[in-house]
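Novice: take a look and give me a structure for this.
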Amino acid sequence: MAKPRTRPPLALAVRAARESLHLTQAEVARRVGISRAAIAELEAGRIQQPRAAVFARLSAV
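Specialist: Residues are numbered from 1 along each chain as shown. Model prediction:
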């Protein structure tokens, strides 16, 4: 049986921050200047190390 995949801390933090601000993935994506799909990938843990510029814009949301 496959082991359940856990999300990395960054993925959990991005989603928790977005939800605490009552923002949709699309709203965060617009503010950061990336696609909604990229936010979804980040929250799912498929993007584990975003570029520094994206990370900086995420932290400013």
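
Novice: from now on I want contacts and neighbour counts done on CA atoms only, so please keep to that.
Specialist: Will do.

Novice: and the end-to-end length of stretch 26-37?
Specialist: With C-alpha to C-alpha, to the nearest Å as the measure, stretch 26-37 spans 9 Å from end to end.

Novice: now it: buried residues?
Specialist: 26-29, 32, 36 (16 or more other C-alpha atoms under 10 Å).

Novice: how about stretch 45-58?
Specialist: So, applying 16+ other C-alpha under 10 Å, buried residues of stretch 45-58: 45, 47, 58.

Novice: residue 8 is in contact with the first one, correct?
Specialist: Read that as residue 45. Yes. If you go by C-alpha atoms under 8 Å, residue 45 and residue 8 touch, sitting 5.9 Å apart.

Novice: secondary structure class for the closest residue to residue 10 other than its chain neighbours?
Specialist: Take residue 10 and drop its neighbours on the chain: the residue closest to it by C-alpha to C-alpha, 6 or more residues apart in numbering is residue 48, 7.2 Å away. The three-state assignment at residue 48 reads coil, by DSSP: H, G, I helix; E, B strand; the rest coil.

Novice: these two touch, right, residue 48 and residue 9?
Specialist: No. Checked against C-alpha under 8 Å, the pair residue 48 and residue 9 is beyond contact range at 9.2 Å.

Novice: which SSE is residue 43 in?
Specialist: In the assignment (DSSP states H and E), residue 43 maps to helix 36-44.

Novice: and for residue 54?
Specialist: Assigned by DSSP H and E, residue 54 falls in helix 52-60.

Novice: same deal with residue 34?
Specialist: Going by DSSP H and E, residue 34 is not part of any helix or strand.

Novice: ok, residue 12 next?
Specialist: Counting by DSSP H and E, residue 12 is found in helix 9-20.

Novice: which other helices and strands contact the helix or strand following that helix?
Specialist: As assigned by DSSP H and E, the chain's next helix or strand after helix 9-20 is helix 25-32. Helices and strands touching helix 25-32, as assessed by 3 or more C-alpha pairs under 8 Å, 6 or more residues apart in numbering; DSSP states H and E, comprise helix 36-44, helix 52-60.

Novice: quick one: average pLDDT of stretch 37-45?
Specialist: For stretch 37-45, mean pLDDT is 97.

Novice: give the buried residues for it.
Specialist: Applying 16+ other C-alpha under 10 Å to stretch 37-45 flags 38-40, 42-45 as buried.
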